[in-house]
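**Q** pasting the structure only:
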C-alpha cells in the first residue's frame, strides 16, 4: 500500500452545468456503455440473430418449396423471409432488456442512479443501443435473405420499412424495459419472452395472411403492433404485392393512407410503452 | 454554524415503506464541510435508508435534507452532482476494466476527460491499484474492487462522499488496508464523509463525530472521545450465576444503576478511580459466584450497549435470523 507520502492530485475540472445539456449529455455515454457491454458478450448479439437468420435462410426456402412450389415459390419465400424481421426485432429488444436486469442485480445500475443525470436518460441510452444493434441485425437478415433468393424492391417506399422497423424497435424496447421492472428475476423475465415475441409473431400474418384466420382471430391480430409492422415492412420492400397486407388490416384502397394509419398505430404504441418505461424505471429507482 | 459551512443537513427525516414499515423515525443531524461523520448501528437500524434519502435513491416520507445547501428532493441532480457513493456491495460493470468504470464515472459526472484521466492515474497510484487498472473488474479480488470504487467516488471531486458499509464482507486485513486508504484520502482531499458501519473500530478510526442509530432514531451524537468519556476509566465485565445479586452488590459498592448493565448472566459496570479490585472483592464477599471477570478500556460497543441495551453484533444476528 503506498498511502503515507502520496500527495493528492488536483481536483478535476467540471464542465459548466446547463440543465438542457445535462438532459441529453448522458445519452451518448450510456449508449456507448451499453454497446460496449453487449459487444463484450457476443452471445447477446448472436443469439437473437440465430433463429431469424435460420428462419430466413433455411426454413423460408423449405416452406416455400413445400407450400408454394413453382411460380409462387419466390413470392412466398420473400413473404416468409421478411416476416422473420417481426421475430428478430422483438427477440433482440427483449434480450437487450435482460441487460438491464443484470445491471440491477450485478452491474452498475445504482451508480447510474446516483449520477447527476436525468434517470430517463438511462432508459434512452439503453434504448438507442438496442435500436442500433437491432438495425444491424435487420440489415444482416435482409441482405442474407436477399442473397438466398428473396425478391425485395428498394426505392423511396423503403423508407416505410426503415421507419416501421425503427418505431417497432423503440416500442419493443419500451415493452422490454417495462417488463424488467415488473419481472426483476431473469428466469421470470425469460419466461415472458415467448408471450411477448413468439406468440404474436404467429398471429401477425407472418406465415400466412391474417385473412386466412378466423374473423375474431384476425381482429385480434390487427391490434398487435407486430401485425402493423409486418404490413409496413411488406409495403416498404416487396413492391405492389406488399399493399395487400395493409389492405387486410384496413380494407381501404389508398395505400399511403393505410401505411400512415399503420405507422400512427405503431407510433402510438411506442409513445405509450416508452412513456410507461420511463415512469416505471424512475419510480423503481427511488423507493 | 452558518448554512454555507454545512455539507449535510438532515431535518426530521422519516421513511415509512409500504406495509407501514417505519425504517427512519425522525432523524436530524448536521455535518460540517470537511467533517467525517459516522452513522453507527446494527443492520435494520435505518442507516442505509438515511443515506438513500440523502443520495436521492430513497424518497423521504417527511422531513428535509440538504447537501451543500441544495434540497435533495427539489434539486436531486444538483445534489447528485456534488456527491458520490461507495455502496455496500459491488456496483460496477464487471465486464469493463477498472479504467473503463472510472472513465464512465467521469463522463456521467460531466468531468473534463483529459484532466480526469490524469486524476485516475494519480488516485490509482495513491491507493495502489495502477497495476490492475486495465484488467476486467470481474477478475478483481474484493479488496481490489473496493479500492476501485473508492477511487471512483473521489474522481469527480465531490463535496460529500457516502460510504455505505464499505467494508462489509471483507477480511480484517483488507478492512484495515481500506481504512488506511480512506483516512489518507480524507486527510488529503478534505472531502466530507458520511460513513455507515457496524464496525466500531472503523467509526472510531475515521469519524470526527458519531451518531448511534437505533430503530430508526439517533440515540446519541457526539465525538468518540466524549461518548467514551461517560463510561469512566475501565469497564468491568463479570459472568456470574446470579446476575440480580451481582447488580445489587455493585450498587451497594457505590456504582450508580445507570453504569450497570445486565445481559443474561453477564454484568458490565463502568468503573471510576481504579475500583476494579475492590468491586470484585465485594462481589465475592457477598457470596456471588463469579465465573469470570475481566476489566478493559471502554469501547464504543459499551456506549452502544448503554444507550440501546443491545449489542451491535446481536442486532446483526437478529436481522440475519429475520
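**A** Perfect, I can see it now. These numbers were taken from a predicted model, which means no experiment stands behind them. Numbers count the residues shown, from 1 in each chain, chains lettered A, B, ... in the order given.

**Q** And the strands in the stretch 101-250 of chain B, which stretches?
**A** Applying DSSP state E, counting those that start in this stretch to the stretch 101-250 of chain B gives strands spanning B:160-164, B:192-197, B:209-214, B:217-222, B:234-240.

**Q** Go through those strands and pick out the most buried.
**A** Among those, strand B:192-197 has the highest mean neighbour count (mean count of other Cβ atoms under 10 Å in any protein chain shown), at a mean of 26. Heads up, the C-betas are built off the backbone N, CA and C, glycines and all.

**Q** My read is that residue B:270 contacts residue B:257, right?
**A** No: counting by Cβ atoms under 8 Å, residue B:270 does not reach residue B:257; the two are 11.2 Å apart.

**Q** what about these two, which has more around it?
**A** residue B:270 (21 against 9; other Cβ atoms under 10 Å in any protein chain shown).

**Q** tell me which element that one falls in.
**A** Here residue B:270 sits within strand B:266-271, counting by DSSP states H and E.

**Q** could you give the angle of the next helix or strand after that strand to strand B:266-271?
**A** Reading on from strand B:266-271 to the C-terminus, the next helix or strand found by DSSP H and E is helix B:276-285. Here helix B:276-285 points in a direction 140 degrees away from that of strand B:266-271 (axes from the mean of the first three to the mean of the last three Cα atoms, to 10 degrees).

**Q** what packs against helix B:276-285?
**A** strand B:234-240, helix B:243-252, strand B:290-296 (3 or more Cβ pairs under 8 Å, 6 or more residues apart in numbering or on different chains; DSSP states H and E).

**Q** at 6 Å what do you get?
**A** strand B:290-296 (3 or more Cβ pairs under 6 Å, 6 or more residues apart in numbering or on different chains; DSSP states H and E).

**Q** Give the pairing partners of the strand it packs on; include direction for each.
**A** strand B:234-240 (antiparallel) (DSSP bridges).

**Q** now the partner strand, how far from the chain's geometric center?
**A** 26 Å (Cα atoms, centre = their mean, to the nearest Å).

**Q** so how far is the longest helix seen in chain B from its chain's centroid?
**A** Criterion DSSP state H: the longest helix present in chain B is helix B:172-189. Distance of helix B:172-189 from the chain centroid (Cα atoms, centre = their mean) equals 14 Å.

**Q** Would you mark the buried spots in it?
**A** B:174-179, B:181-182, B:184-186, B:189 (16 or more other Cβ atoms under 10 Å in any protein chain shown).

**Q** State the mean pLDDT of that helix.
**A** Per-region confidence: helix B:172-189 scores 80 on mean pLDDT.

**Q** Which strands and helices lie in contact with that helix?
**A** Checking 3+ Cβ pairs under 6 Å, 6+ apart, helix B:172-189 ends up next to helix B:200-206.

**Q** so does the helix it packs on get close to chain A?
**A** No: using Cβ under 6 Å from any Cβ of the partner chain, helix B:200-206 never reaches chain A; the gap is at least 13.7 Å.

**Q** near chain B, which residues of the stretch 101-250 of chain A show up?
**A** So far as Cβ under 6 Å from any Cβ goes, the stretch 101-250 of chain A lies against chain B at A:107-108, A:110-111, A:113-116.

**Q** Let's see which of those residues end up in helices.
**A** Those of these lying in helices (DSSP H): A:110-111, A:113.

**Q** TSV for those, including neighbour count?
**A** Below are those laid out as TSV (neighbours: other Cβ atoms under 10 Å in any protein chain shown):
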residue	neighbour count
A:110	20
A:111	23
A:113	22
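
**Q** coming back round to it: pick out the most distant pair among the residues of the stretch 101-250 of chain A next to chain B.
**A** Farthest pair in these (Cβ to Cβ) is A:107 and A:116. Separation: 19.3 Å.

**Q** ok, which stretches of the stretch 51-200 of chain A are helices?
**A** A:60-67, A:73-83, A:85-106, A:109-113, A:120-148, A:158-182, A:186-193, A:199-203 (DSSP state H, counting those that start in this stretch).

**Q** Just list what the fourth one packs against, helices and strands only.
**A** Helices and strands touching helix A:109-113, by 3+ Cβ pairs under 6 Å, 6+ apart: there are none.

**Q** which other residues reach it?
**A** The contact list for helix A:109-113 (Cβ atoms under 6 Å, 6 or more residues apart in numbering or on different chains) reads A:103, A:122, A:285, B:57, B:87, B:91.

**Q** run the last query once more with 7 Å
**A** With contacts defined as Cβ atoms under 7 Å, 6 or more residues apart in numbering or on different chains, helix A:109-113 is touched by A:103, A:119, A:122, A:285, B:57, B:87, B:91.

**Q** how much space between the last one and chain A?
**A** Taken as Cβ to the nearest Cβ, to the nearest Å, the spacing of residue B:91 relative to chain A amounts to 5 Å.

**Q** How many neighbouring residues does that residue have?
**A** Count around residue B:91 with other Cβ under 10 Å applied: 22.

**Q** thinking it is in contact with residue A:106, fair?
**A** No: in this structure residue B:91 lies outside contact range of residue A:106 using Cβ atoms under 7 Å: 9.2 Å.

**Q** just to revisit the earlier point, save the ones in helices among the residues of the stretch 101-250 of chain A next to chain B as a markdown table, and put in pLDDT too.
**A** Shown next, in a markdown table, are these (pLDDT from 0 to 100):
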| residue | pLDDT |
| --- | --- |
| A:110 | 93 |
| A:111 | 95 |
| A:113 | 94 |
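
**Q** Distance to residue A:54 for those residues - can I get that in a markdown table?
**A** Listed next are those as a markdown table, based on distance: Cβ to Cβ, whole Å:
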| residue | distance to residue A:54 |
| --- | --- |
| A:110 | 38 |
| A:111 | 38 |
| A:113 | 39 |
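
**Q** For residue B:139, state which of the residues you listed is nearest.
**A** Distances from residue B:139 to these, taken by Cβ to Cβ, are shortest for residue A:111, at 19.2 Å.

**Q** for the stretch 51-200 of chain A, which spans come out with low pLDDT?
**A** Across the stretch 51-200 of chain A, nothing is flagged by pLDDT under 70.

**Q** Look through it and state the residue closest to chain B.
**A** Residue nearest to chain B within the stretch 51-200 of chain A (Cβ to the nearest Cβ): residue A:116, separated by 3.5 Å.

**Q** Need the phi and psi values for that residue.
**A** Dihedral pair for residue A:116: phi -80, psi 60, per degrees, to the nearest 10.

**Q** burial of it, as a residue count?
**A** Number of residues near residue A:116 (other Cβ under 10 Å) recorded here: 23.

**Q** Just the pLDDT at residue 252, thanks.
**A** No chain was given, so I picked chain A. At residue A:252, pLDDT is 94.

**Q** my bad, chain B
**A** Reported pLDDT for residue B:252: 87.

**Q** Same question for residue A:2.
**A** For residue A:2, pLDDT reads 37.

**Q** Provide a list of residues in contact with residue A:77.
**A** Counted by Cβ under 7 Å, 6+ apart, residue A:77 has contacts A:60-61, A:64, A:149-150.

**Q** my bad, residue B:38
**A** Here residue B:38 is in contact with B:195, B:197, B:203, B:207, B:210-211 (Cβ under 7 Å, 6+ apart).
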